[in-house]
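> no sequence for this one, just the structure:
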DNA sequence: ATCAATTTTTTACGCGCGTAAAGAAAAATG
DNA sequence: CATTTTTCTTTACGCGCGTAAAAAATTGAT
């Protein structure tokens, strides 16, 4: 860190003893220059700490190294966690990730895509809002920008889809619940934000039929992304009205389950698999918080690492020129047994 | 949206009938041109949807419209929520926010600041990691970039500090607990990540002295930002070893309380203010999740809106030229009574 | 209508870098 | 060693826009 301050690549090139175009080439891809040249540049880099002006860089490059990461709701730790994971993978692969959240609002999602477009990203990892998304806006965006859809699939949009196998999720945990006690009721939102919810309900119905049990879907009112509150209020209603036909409740997702647990507590209904417990409650997602509910929540967890790795790698190979047909990858979840069911 | 595609400001200027420098002036500040001119530009804007190239824009502007928002841990819904709030305020004020998280890692925090520096932001809203932060790196950054520190104060760095009044927080809730039952023990991490924790402990000691009660600080081991797990494990130990001298526990923060509640559940200790409950537990922060614990957590909540509004406005006025001396603003919290205490 | 103040137009340059082309130098090959 | 291949240097242009300066046009008030 000695020497005078470097103002631009011209100056840096001269102190490093390499021509500017070669230095430019190095910053675009360090492997594209001879090892000895690379060493000289990196030696100079250590002495003079210079960083290329990203604005001048991106202005002329046909493709930037920017990658957008978009999630529907960043205040949901599940998305925050997966976003963090994706972010790290982008950095490791030499890209510059930028994080966006639609905050549950379709209009904001469109705005995010517009902002993203002006960033001229090399690619985008997008978890759409789902049902509320502006389909056409998504399609137009995907036509312009290499976009990989994750978490929640919308038609056959983008380069590919990577997410969890919701059928397997629900089939697996329904199976577990049936084998260990009364068959579950299914607790869900009447108008879920996320298309995954429909798959889970269908999978529940299939699994129950396979077992020869009568299904019981309890759908509760509520719009938006405040799932806990929807689960709590809906849970109160359902409990008071005796809408649960068995002592076991499988929730469409963990956040709904968390709200339902609160409702149970508030009604004095003991939850768990102990003798003294009235009902069992299970969730789905492996939400970061599910470990700390009371009782800790039995759930089926996304394979966070595998989903984000598959998604990131698929995007990167697409960016780097590999053309492959649209593909949907759905990864299995892992049952996490805790005290609630 | 008719007409041919606009490639650059030159073309847009010609279709709008205004000269390019004036159009440029408009995009920099719509109010800087005559209303009639502005109307003509905006009319053209509706017909031709053109957006200036942000890279070319930012390259030459002395000051960009970028604002960095940095939080220590985005997967903590508290920070996610405040980040969302700040983001919206930036957009409303005509800035372009970019969100960063240090993910609890001091090295990452430094990297974030480096990345941010190359974005040449007009200003930064920074919630530092706290104790683990690289003080020197923070100072250097603040010397280069107008930075407003929020949530957790580090010396007298940056333009100003805006956060909550931790003394008031703890004094207020300690007061409540003392008046409604046994005086509280104080449950905290031995080596807290955040300097606010020290203020809260001190405030607890002061309050207890004022009441003439003997204080009892229970400090538990654990490094990092997995507060729930630290609270759970520490809670198990403390409960088993009988380290709580009264039936009331005030936790240094809500996430620790959430972990402690789980420990209580796992040990079969009933929490709440009912006759059949063994202990009372209270938290501090008004964490988004605190409503849904079992029992719902009594806590003292940050004034999210006021903190983010004060922080954002202070930054904007500083960016817009107002020089004012360093100042610390600490906002009071509001007690939220629920069933846990 | 007249004059001053404000705003816009015209003209021109530069920002920092990508990138293309042609020639020089270095490395690899035989 | 001569030859081919690869890499680097030199030179040069352009990207899209900010911005400065001087001239022209518009506005507002007298």
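Great, that's in hand. Because the structure is predicted, anything quoted here is derived from the model rather than measured. Numbers count the residues shown, from 1 in each chain, chains lettered A, B, ... in the order given.
> Please identify the residues of chain A in proximity to DNA strand D?
Applying CB under 7 Å from any atom of the strand, one finds that chain A approaches DNA strand D through A:17-22, A:25, A:32-34, A:36-37, A:59-60. All C-beta atoms are positioned from the backbone trio N, CA, C, and that covers glycine.
> Would you mind listing which of those residues are buried?
For the residues of chain A next to DNA strand D, a burial check counting by 16 or more other CB atoms under 10 Å in any protein chain shown picks out A:18, A:22, A:25, A:33, A:37, A:59.
> low pLDDT regions in chain A?
Counting by pLDDT under 70, chain A contains low-confidence ranges at A:1-4.
> rewinding a little: same list, the buried ones among the residues of chain A next to DNA strand D, but only the ones touching chain B.
Restricting these to those near chain B by CB under 8 Å from any CB of the partner chain leaves residue A:59.
> ok so, going back, so which of the residues of chain A next to DNA strand D is the closest to chain B?
residue A:59 (4.0 Å; CB to the nearest CB).
> Tell me who's in contact with the closest residue to the closest one other than its chain neighbours.
Residue nearest to residue A:59 in three dimensions, not counting chain neighbours: residue B:55, with 4.0 Å by CB to CB, 6 or more residues apart in numbering or on different chains. The contact partners of residue B:55, by CB atoms under 8 Å, 6 or more residues apart in numbering or on different chains, come to A:54, A:55, A:56, A:57, A:58, A:59, A:120.
> any idea which helix or strand comes after the helix or strand hosting the second one?
In this case it means residue A:55. Following DSSP states H and E, one finds residue A:55 within helix A:54-60. Going down the chain from helix A:54-60, the next helix or strand is strand A:66-71, by DSSP H and E.
> and that following strand with chain B, contact?
No: figure legend: strand A:66-71 not in contact with chain B (CB under 8 Å from any CB); closest approach 10.2 Å.
> hang on, the earlier thing: and DNA strand C, is the helix holding residue A:55 touching that?
Yes: with CB under 7 Å from any atom of the strand as the criterion, DNA strand C is reached by helix A:54-60 at A:56, A:57, A:59, A:60.
> my guess is the second one contacts residue A:27, does it?
Pointing back at residue A:57 there. Yes: contact between residue A:57 and residue A:27 holds when scored by CB atoms under 8 Å: they sit 7.5 Å apart.
> so what's the spatially closest residue to residue A:168 that is not a sequence neighbour up against?
Closest residue to residue A:168 apart from its sequence neighbours, by CB to CB, 6+ apart: residue A:332 at 5.0 Å. Contact analysis of residue A:332 by CB under 8 Å, 6+ apart lists A:164, A:165, A:168, A:169, A:172, A:303.
> Turn those into a markdown table, columns for distance to residue A:314.
Formatted as a markdown table, those follow (distance: CB to CB, whole Å):
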| residue | distance to residue A:314 |
| --- | --- |
| A:164 | 15 |
| A:165 | 16 |
| A:168 | 20 |
| A:169 | 21 |
| A:172 | 25 |
| A:303 | 15 |
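> Check which helix or strand the residue nearest to residue A:265 when sequence neighbours are not counted maps to.
Spatially, and ignoring its direct neighbours in sequence, residue A:265 is nearest to residue B:294 (4.0 Å; CB to CB, 6+ apart). Per DSSP H and E: residue B:294 is located in neither a helix nor a strand.
> ok, now how distant is residue B:294 from DNA strand D?
54 Å (CB to the nearest atom of the strand, to the nearest Å).
> again, but for residue A:149
29 Å.
> Burial check on the residue lying closest to residue A:93 once chain neighbours are set aside, number of neighbours?
The shortest distance from residue A:93 to any non-neighbouring residue, by CB to CB, 6+ apart, is to residue A:316 (5.4 Å). The local packing of residue A:316 (other CB atoms under 10 Å in any protein chain shown) involves 19 other residues.
> now swap in residue A:8 and tell me
Residue A:8 has 12 nearby residues by other CB under 10 Å.
> what's the farthest-apart pair in the buried ones among the residues of chain A next to DNA strand D?
Pairwise distances among those were taken by CB to CB; the largest, 25.3 Å, belongs to A:37 and A:59.
> if we can go back for a sec, from the contacts of residue B:55, which single one is nearest DNA strand D?
Distance to DNA strand D across these (CB to the nearest atom of the strand) is lowest for residue A:59, with 4.9 Å.
> so that closest one makes contact with residue B:53?
Yes: counting by CB under 8 Å, residue A:59 touches residue B:53, with 6.7 Å between them.
> so where do the helices sit in the stretch 151-300 of chain A?
For the stretch 151-300 of chain A, the helices defined by DSSP state H, counting those that start in this stretch occupy A:166-180, A:196-211, A:227-240, A:254-266.
> Turn those into JSON lines, including mean neighbour count and distance to residue A:281.
Formatted as JSON lines, the helices of the stretch 151-300 of chain A follow (neighbours: other CB atoms under 10 Å in any protein chain shown; distance: least, CB to CB, whole Å):
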{"stretch": "helix A:166-180", "mean neighbour count": "20", "distance to residue A:281": "10"}
{"stretch": "helix A:196-211", "mean neighbour count": "18", "distance to residue A:281": "15"}
{"stretch": "helix A:227-240", "mean neighbour count": "21", "distance to residue A:281": "9"}
{"stretch": "helix A:254-266", "mean neighbour count": "26", "distance to residue A:281": "6"}
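> Up against DNA strand C, what does chain A have?
Near DNA strand C, when you scan chain A using CB under 7 Å from any atom of the strand, you find A:7-10, A:20-21, A:24-25, A:27-28, A:34, A:36, A:52-53, A:56-57, A:59-62.
> repeat that with 10 Å
A:6-13, A:19-29, A:34-37, A:50-65 (CB under 10 Å from any atom of the strand).
> Centre of the chain to stretch A:256-265, how far?
The chain centre lies 24 Å from the centre of stretch A:256-265; the measure is CA atoms, centre = their mean, to the nearest Å.
> right, I mislabeled it, should have said stretch A:53-61
On the basis of CA atoms, centre = their mean, stretch A:53-61 is displaced by 30 Å from the centre of the chain it belongs to.
> same check, this time on stretch A:82-101
With CA atoms, centre = their mean, you get 12 Å for stretch A:82-101.
> Buried residues, that stretch. List them.
In stretch A:82-101, counting by 16+ other CB under 10 Å, buried: A:82-87, A:89-90, A:93, A:95-101.
> just the strands in the stretch 1-150 of chain A please.
Remark: strands assigned in the stretch 1-150 of chain A by DSSP state E, counting those that start in this stretch are A:66-71, A:96-101, A:123-126, A:147-150.
> I'm done for today, thanks for sticking with me.
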